[in-house]
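Visitor: build me a model:
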Amino acid sequence: MNLQCCSPNDLGDALNARYRRVLWCALAINAAMFLVELAAGLAAGSASLQADALDFLADAGNYGISLFVVGMALRLRARAALAKGATMGVFGLWVIGATLWHAVNGTVPHAATMGAVGVAALIANAAVFVLLWSYRAGDSNMRSVWLCSRNDVLGNVAVLLAAFGVFGTGTGWPDIAVAAAMGLLALQGAWVVVRQALAEISQERRAAVAAE
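Guide: Prediction:
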């Protein structure tokens, strides 16, 4: 069944309860990995690890907002998604700015730390990815959660590739390239979420006018 055809209220209390449990698991995983990856990123001097750590933090906030609005009207869920999309966009801009700083300063991160933490982050995000798979085709709020999960898995794979690149070249350019790509991916996800949220808000307004 395509979740996009229905609102969470239409899907029933049982589905809402399952979705809340999934979001609580995702929230706990992301909050823990933010602390781990931020410490490792700062210690290793890795722009891509720091970017991924902030992504974990943003996702934890994303899941918290989603928990709050589950079961609410489409208008409220769409507005929450709009706020989350804007946050994703700010995150993307911050990552790109931090990447430029590392490029100018010629930072060379510690490849072994990048690789070890990257594997742990990939396992954590793969678990969240599996948990959220059933909700990937929902409304803008559910879709924003799904896009965050998808971006996280892609970002973790990229961090591992960057670690191999840093180890092989002895320079920080692979790390910088991956961090920049993660920033652009966040901007792309933000655009998708904001566009769908605005469409849903417009749809609700038209329905309200037609009902008068």
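Visitor: low-confidence ranges in the protein?
Guide: 1-15, 70-72, 74, 137-141, 144, 212 (pLDDT under 70).
Visitor: how about the most centrally placed residue in it, secondary structure?
Guide: Of all residues in the chain, the one closest to the mean position by CA atoms, centre = their mean is C148, 2.7 Å from it. Three-state assignment for C148 (DSSP: H, G, I helix; E, B strand; the rest coil): helix.
Visitor: enumerate every residue touching it.
Guide: 55, 58-59, 62, 88, 189 (CB atoms under 8 Å, 6 or more residues apart in numbering). Any C-beta I mention is one placed from the backbone N, CA and C, and that applies to glycine too.
Visitor: please apply the same query to T113.
Guide: Residues in contact with T113 (CB under 8 Å, 6+ apart) are 40, 43-44, 46, 49.
Visitor: run the last query once more with 10 Å
Guide: Contacts of T113 were listed using CB atoms under 10 Å, 6 or more residues apart in numbering, and they are 40-41, 43-46, 49, 163.
Visitor: and F167, by the same measure?
Guide: Counting by CB under 10 Å, 6+ apart, F167 has contacts 110-112, 114-115, 174.
Visitor: quick check: buried residues in the helix or strand it falls within?
Guide: Following DSSP states H and E, one finds F167 within helix 140-169. Going by neighbour count (16 or more other CB atoms under 10 Å), the buried part of helix 140-169 is 140-153, 155-156, 158-160, 162-163, 165-166.
Visitor: tell me where this protein has strands.
Guide: With DSSP state E, there are no strands along the chain.
Visitor: list the helices and strands the helix ranked longest in the chain packs on?
Guide: Determined from DSSP state H, the single longest helix within the chain is helix 173-211. When contacts are defined as 3 or more CB pairs under 10 Å, 6 or more residues apart in numbering; DSSP states H and E, helix 173-211 sits against helix 47-69, helix 74-105, helix 111-132, helix 140-169.
Visitor: nearest approach to A28 belongs to which of those?
Guide: Closest to A28 of the helices and strands packed on helix 173-211, according to CB to CB: helix 47-69, at 8.6 Å.
Visitor: how close does the residue nearest to G155 when sequence neighbours are not counted sit to L76?
Guide: Nearest-residue entry for G155: M182, 4.9 Å, with adjacent residues in sequence omitted and distances by CB to CB, 6 or more residues apart in numbering. Separation of M182 from L76 (CB to CB, to the nearest Å): 30 Å.
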